[in-house]
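Chemist: how would this look folded up:
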Amino acid sequence: LEELQICSNDYTKISSDYGFQHESLKRLYISNNNITEWQSICRLGRLFSRLETLIASDNPLESFRSDEDVNICFSHLHTLSVDKVEISEWDDIVALTKLPRLNAVRIQLTPLLKPYQKDERFFLLLGYMKNITKLNGSVITANERETSERRFIRYYSQRDDKPQRYYELTEKHGNLKPLVDIKIRAPYLINVRLVYNQITHDKEIDVRQTVQQFKKYLHETFKIPLTRLRVFYVDDVAFNMGVCGPEELKYPQRLLHTYNIHDGDQFHIDLKPDPPKPQYSNRTVDTTRHNKKSTDSNSTNSSTSSDDDKTNLSVEISPFSLDSLQKLAEEETINNNNINQTSIELDNLYPSTDKNVQIKMNDEDDDLLLAAAAAAACNNLMDVNTSEKCFPGRCERKEVVVIGNGPSAIVLSYILSGHIPYWNGCPVSNDYLNMKLEQYVKNSSLLEQVRNLEFLSNGLEGRSRNPVSLLIDNLIHPDADLGARLQSKIKWRHDPSSSIDHICLGRGGIGGIWNQLTSKHLQTVSMADWMELPNYPFITFRQHLRMHRCRLSTNNEQIITDDENSKRATYDEIRSYYIHYVKRNRLINYFRNGCEVTSIERVCIDSSYYDDLTEEIRTPEALWEIRGFEEQTKNLFIIHAKYIVLATGISQEITRPLGIIGEQVSQSFTYTNLHDIEEIIVNKKRLRKNSKPLLVIGCGLTAIDVILLCQQYSIPILHVFRRAIDDHELVLNQLPANIYPEFERIKELIKQSSTITTSTSSDWFYQCCAQSEVISITEDGTVNIRNLRTQIIKDYNISCVVRLTGNEVKIPFLRSLTTKKCPGININPYTYECIDFENIYALGALAGDKLIRFLQGGALACAASLFKKYRQASSINRLSFNVSSRTRTVQIID
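Modeler: Numbers count the residues shown, from 1 in each chain. Model (predicted):
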């Protein structure tokens, strides 16, 4: 027996009268019990003398101190989880440092750490625990260790209660002066005063929200109808000085912080005047060519006509707006100064009417107001489809538009087409996560956990900054960072009735950037199973591919390559996998490839209407208008959607400029991505073995791929990067040699090139310039390179330049929506909705998930939010895609 799980058994203590020792047990789980004394935990250490991993989370342990000799109790313990305990003193953390082999600790939810911020907890724990190499699931780098120890010194330098560890660290780093905390960014939580009906309310508001969101908040707070709400901002200082008066908040999409709001400023809430209630019904407007007034005071106004002249005309009109009524009423008042009759030409109002009918009515009859409203409504009907007339047959409506056709878009489309994820009930290694899954997710789908995603993902650590991505990765790739290849804990069920109408617009073919990467030799950095999409293992795809190759083979020989058994996949395999995935899951109808999106704008295509039930004028919710063109035919298209999902990735064509002399004149022979280099080497044959060296700037993964490609075709290389060869941040120093042998060969080549001027084999030339920078490039292909250590400048002749200095986040079709110069996108980490744009979501690299294995978490969080909004809209019967308009009927008798 090597592993024992005795969680949730209500243990309160461990007795000391057990007369045995079990030396084979290595992992013990005793979470969710009621053990309060560390003495009991130490007794477990005596019973299991070779224990290596102890999970004792969710126990009310009050201390980690005891009289037991920890060198005997836990002589082999290297991993300890004590999350959700009741310790309150740092001396207990010091007690853990006495465990001789302890190097991995998980501890978060405790009274001791509660008063501190997240970064403070990190450096304090690292400062106290000098032998820890892994904290809360994250591997501690040398830089993090040094930074934390320095912050530890500065933290305690101003305090009287200095621990012993402080003096040990000052001997190592010296006495460091405290840093000055300077906050350049303006605060986003502002204390303001809300004034309504001469009653003040002091509130704290978030100035990152829009005016529209702020008005919704006021609507919920003061119960004021949105259509009658007016808000005025008063700068307290400027108003008291008489510099400026109140400013009305008119623009719905303007952000509050643009008003330069400070603490103490005021917002005055006012009501618009009550609109006149329209008098409408299915009434008959009696008109006649010869209207007579009775001279008898007891007679009533009436209209007469012969039966031969009478014609009934039923006109369907859309609901009219208050502005139309007021405007036409003013025109009626002006006309009454000259004549007592009003004529309305129906041909101008409703083109489908063949006959001109004049409506004449009494001045005192309010039916004129109704007829005027009918006229305005008819005009509104003509204006609704204006954009559709501009592009006949090209304007369509969708609930969701996904911009992109790469892995993120494919996963989201898979979920929106009715594939629902569920937890299959199998436990994961994180016992705390297991408890939360049992409590909240056991009998419901993951899409129904919108409110619980924050709680479920709390405390998870990993290679993504997005908590939901970490949560789903723990379920799909359990213990992947530990080298395990376990089965997914998620099962999928297809429910077509749960699908949402959507379309994916993307440049090129399915797969996004992967559609352009066709190399059969270059391999992905991630493991092959980390590149797979929901419910279709990559190993299954490889089996299908092998069977297909066998069928195509002329003889019956078995076709098996090394790539099919490799832990990693080639670029061509990934490209084929994504294309096959879309076809296999019948998603092809949801993808429209070869489309370039040029602009996104907020539009309102419907008119305001009067709500009978609430007796208010309703304004339909605005939609997003997506404009673009098809790459091959150049045909324009317009799509109206309620929600937009940005899944475009980060363009490899837009890399950070070097800012050097000659950068503009060298654009003709400068490239920024692997696909272009592969094109000029493999297809166009512009670079050959005897060509001048290809200048590669950068030392990231793409730069290494370019070098591997050039090595395959014997293209000479001049390699320049700023970091030192032994720098830990260099990506080559972070990859294990047994999994990445080709990267290890390049690493050895770089080291050899640093000791000699060039590295020249029988068929390949390679020269490395580490810790160097390019200072200029001439039009004839001469480059000046400066060594950052010696400051020596050398000249080289080159054929082309590959600038791989990192990509810039730019979304050109969003420029019309914002004037912000900051290229980043701020998202809600639990819904992936953009904070600055309502009903716009961002996935993949735009949201910070640059590894394929983390994309599924973002797509699931986005889909969960979309499903929630979609169901809420359906329940109140306010779907924006109801083509049939509200109608009123007016009978006009001629």
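
Chemist: The longest strand along the chain: which residues count as buried?
Modeler: Looking across the chain with DSSP state E, the single longest strand is strand 636-646. Buried residues in strand 636-646, defined by neighbour count with 16 or more other CB atoms under 10 Å: 637, 638, 639, 640, 641, 642, 643, 644, 645, 646. Bear in mind the C-beta positions are built from the backbone N, C-alpha and C, glycine included.

Chemist: Just give me the neighbour total for the residue lying closest to residue 226 once chain neighbours are set aside.
Modeler: What sits nearest to residue 226 in space, not counting adjacent residues and going by CB to CB, 6 or more residues apart in numbering, is residue 219, at 5.0 Å. Neighbour count of residue 219, defined by other CB atoms under 10 Å: 16.

Chemist: Please compute how far the host helix or strand of residue 219 lies from its chain's middle.
Modeler: Assigned by DSSP states H and E, residue 219 falls within helix 211-222. Distance of helix 211-222 from the chain centroid (CA atoms, centre = their mean, to the nearest Å) equals 25 Å.

Chemist: Let me know the secondary structure of residue 200.
Modeler: strand (DSSP: H, G, I helix; E, B strand; the rest coil).

Chemist: Run a quick check on it versus residue 193, I expect a contact.
Modeler: Yes: here residue 200 reaches residue 193: they are 5.4 Å apart, a contact under CB atoms under 8 Å.

Chemist: Which helix runs longest in the protein?
Modeler: Of all the segments of type helix in the chain, defined by DSSP state H, the longest one is helix 855-875.

Chemist: Check the offset of that one from the chain's centre.
Modeler: Worked out by CA atoms, centre = their mean, helix 855-875 lies 13 Å from the chain centre.

Chemist: now the angle between strand 636-646 and it, please.
Modeler: Put simply, helix 855-875 runs at 110 degrees to strand 636-646, going by axes from the mean of the first three to the mean of the last three CA atoms, to 10 degrees.

Chemist: Which residues belonging to helix 855-875 are considered buried?
Modeler: Buried, per 16+ other CB under 10 Å, within helix 855-875: 855-867, 869-870, 873.

Chemist: nearest to residue 835, of those residues?
Modeler: Ranked by distance to residue 835 (CB to CB), the buried residues of helix 855-875 are led by residue 865 at 13.2 Å.

Chemist: if I read this right, that closest one contacts residue 841, doesn't it?
Modeler: Yes: applying CB under 8 Å, one finds residue 865 in contact with residue 841, separated by 7.3 Å.

Chemist: Give me the common contacts of the two.
Modeler: 831, 832, 833 (CB atoms under 8 Å, 6 or more residues apart in numbering).

Chemist: Let's see which of these end up in helices.
Modeler: Using DSSP H, none of those sit in helices.

Chemist: Identify, from those residues, the entry nearest to residue 173.
Modeler: residue 832 (40.9 Å).

Chemist: show me what contacts that closest one?
Modeler: Counted by CB under 8 Å, 6+ apart, residue 832 has contacts 468, 841, 842, 843, 847, 858, 861, 862, 865.

Chemist: repeat for residue 575
Modeler: Shown in contact with residue 575 (CB under 8 Å, 6+ apart): 511, 514, 515, 517, 518.

Chemist: And the buried ones among these, selectable in ChimeraX?
Modeler: Applying 16+ other CB under 10 Å to those, the buried members can be selected in ChimeraX as follows:
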select :511,514,515,517
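
Chemist: Looking at the contacts of residue 575, which is nearest residue 155?
Modeler: residue 514 (46.6 Å).

Chemist: Kindly list the main-chain dihedrals of the closest one?
Modeler: Dihedral pair for residue 514: phi -70, psi -20, per degrees, to the nearest 10.

Chemist: Quick check, it in contact with residue 574.
Modeler: Yes: in this structure, residue 514 is within contact of residue 574 by CB under 8 Å, at 5.4 Å.

Chemist: In terms of secondary structure, what does the longest strand of the chain contact?
Modeler: Packed against strand 636-646 by the contact rule (3 or more CB pairs under 8 Å, 6 or more residues apart in numbering; DSSP states H and E) you find helix 386-390, strand 395-403, strand 595-603, strand 623-630, strand 840-842, helix 855-875.
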